[in-house]
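Asks: Here is a sequence together with a model predicted from it:
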Amino acid sequence: MFAHCADPSSLAGLDWLMCYLTSGTHLAFYSSIGTVLILLAVTAPVALAFGFAGAMAARSPLPPLRWAGKLYMAMVRGIPDIVFFLFFVIALDQAIEWTVHQVRCPDWTDPIRNGLEFRVCPQAKVPPNSAPQTIHQLYGFALAVFTFAIVFGAFAANVLSGAMSAVPRAQLETAEAYGMSPRQVNRRVLIPQMWIYALPGLSNLWLILVKATPLLFLLGVRDIVYWARELGGSKTSAYAYPHPDWRLWYFLALLVFYLLLTRVSELVLDRVTARLSQGQATAAGEAQRRAKGAAA
């Protein structure tokens, strides 16, 4: 904050607005944009890893593993996201504390669950009550990342499973005829070839993940939606910067932010699609071959 912003009551016009937009709460609002971007950067590869594991399990020749993969895809995709987020985070948090409670407080005699209350010994609280607020925020963020990865990993598993089935069988048979083992066929032929078929579905899934980031607000993480609501609400003279209800403008700013993020994502995904389509027996690959032939 600038030095002349120390006394907001003495400001007016553009000076008031500049000091208002550089206040401590607004700096937290701007940093929450980084929280959203970090969530996307961390969740996307983790969700893809869950999806790949689920897709490979669903195609496994071992019945128990195949059933587990198909159950994962069907169960998670069949539950509304908001219900899963609200239930799973609470259940996971309580499961962690219950496990720590069993290790650290074996002599505890009081019931852990008494009606609607869930109570463990103080040593089993995760994170500890005495931990800094930053640790609590990081813990909540980690739970959010894991929950997002579980949900979107199920969708990714379905996309990857379909992409694997779309790889021409002739290519796999040719690899087998050259003496490759099933593992080599998967690693050298199936997995490299499937990405071009999976990319359209994964692109849509990425954009859905981008749009789902406001659910962080429901998980207790102070994201941009939280700060837009807090800062945009009407402020009385009791506040340093009183103003009427400005939530419309704050949420309009969020709309612009998400549209820009979506546009950047589309540009990057288009370049990746063009790169993966080179030499592929797909419509995009054929269009590239024809364009090169015409140029020659």
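Replies: Yes, it's here. Residues are numbered from 1 along each chain as shown.
Asks: Now Gln94: closest residue in space that isn't a chain neighbour?
Replies: Residue nearest to Gln94 in three dimensions, not counting chain neighbours: Phe118, with 5.5 Å by CB to CB, 6 or more residues apart in numbering. (Glycine included, C-beta is placed from N, CA and C.)
Asks: Could you check how far that neighbour is from Leu86?
Replies: Counting by CB to CB, to the nearest Å, the separation of Phe118 from Leu86 is 15 Å.
Asks: mind checking pLDDT for the residue minimising distance to the centre of the chain?
Replies: With distances taken as CA atoms, centre = their mean, the residue of the chain nearest its centroid is Thr43 (4.2 Å). pLDDT recorded at Thr43 is 90.
Asks: same thing with Ile96?
Replies: 88.
Asks: and it, how many neighbours?
Replies: By other CB atoms under 10 Å, 14 other residues sit near Ile96.
Asks: try Arg275
Replies: By other CB under 10 Å, the residues close to Arg275 number 10.
Asks: Renumber starting at 56 from here on
Replies: In the new count, where the first residue is 56, that last one comes out as Arg330.
Asks: from the chain's centre, how far out does the helix or strand hosting it sit?
Replies: Take DSSP states H and E as the rule and Arg330 turns out to sit in helix 302-331. Helix 302-331 has its C-alpha centroid displaced from the chain centroid by 15 Å (CA atoms, centre = their mean, to the nearest Å).
Asks: Show me where the chain has its helices.
Replies: 68-76, 79-113, 118-132, 136-159, 188-221, 224-232, 237-240, 246-267, 279-287, 302-331, 338-350 (DSSP state H).
Asks: so the residue nearest to Gln149 bridges to which residues?
Replies: Counting by DSSP bridges, Phe173 is bridged to Arg168.
Asks: re earlier: mind checking which of the helices of the chain is nearest Ala295?
Replies: In terms of CB to CB, the element of the helices of the chain nearest to Ala295 is helix 68-76, at 8.7 Å.
Asks: Report the buried residues of the closest one.
Replies: Neighbour counts over helix 68-76 (16 or more other CB atoms under 10 Å) mark Trp71, Cys74, Tyr75 as buried.
Asks: How about stretch 118-137?
Replies: Within stretch 118-137, the residues scored as buried using 16+ other CB under 10 Å are Gly124, Lys125, Tyr127, Met128, Val131, Asp136.
Asks: separation between Gln178 and Val158?
Replies: From Gln178 to Val158 the distance is 9 Å (CB to CB).
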